[in-house]
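Trainee: Quick check, what structure comes out for this input:
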Amino acid sequence: MKKEAIKRWWNAESETFSMLCATEDGETFTHGQMVLANLGVVALILACGIAGWLEGGAAW
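Mentor: Sure thing, here's the model as predicted:
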């Protein structure tokens with residue numbers, strides 16, 4: 001039951017994300033796409049932090 005509810009939510013349209021990120025009329029995004037986009041941003045920020053740490057930190 002919970003698995004089906006999660007699957008329905010994952011595939012449902014995210015009205016807020018569609019409103020904020022759609023570049024064309026009628027373009028929509030699902031909750032799943034929203035979650036994956038946010039995970040991608042988090043991964044990018046972590047990669048930048050790790051790269052900075054490996055380089056010895058920022059030169060202030």
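Trainee: In this protein, where's the longest helix?
Mentor: helix 31-54 (DSSP state H).
Trainee: buried ones in that one?
Mentor: For helix 31-54, the neighbour count (16 or more other C-beta atoms under 10 Å) marks H31, Q33, M34 as buried. Just so you know, the C-beta spots here come from the backbone N, C-alpha and C atoms, and that holds for glycine as well.
Trainee: S14 is in contact with the second one, correct?
Mentor: Yes. With contacts defined as C-beta atoms under 8 Å, Q33 counts as touching S14 at a distance of 7.4 Å.
Trainee: what about the helix or strand of the chain with the lowest mean pLDDT, distance to the chain center?
Mentor: The helix or strand of the chain with the lowest confidence, counting by mean pLDDT, DSSP states H and E, is helix 15-21 at a mean of 91. Averaging C-alpha positions (C-alpha atoms, centre = their mean, to the nearest Å) puts helix 15-21 12 Å from its chain's average.
Trainee: How about residues contacting that helix?
Mentor: E27, T28, F29, H31, Q33, M34, A37 (C-beta atoms under 8 Å, 6 or more residues apart in numbering).
Trainee: Out of the residues you listed, flag the one nearest to K2.
Mentor: For those, the minimum distance to K2 (C-beta to C-beta) is 15.5 Å, reached by H31.
Trainee: Nearest residue to the closest one in space, ignoring adjacent ones along the chain?
Mentor: S14 (4.8 Å; C-beta to C-beta, 6 or more residues apart in numbering).
Trainee: which residues sit in contact with the one you found?
Mentor: So S14 contacts T28, F29, T30, H31, Q33, M34 (C-beta under 8 Å, 6+ apart).
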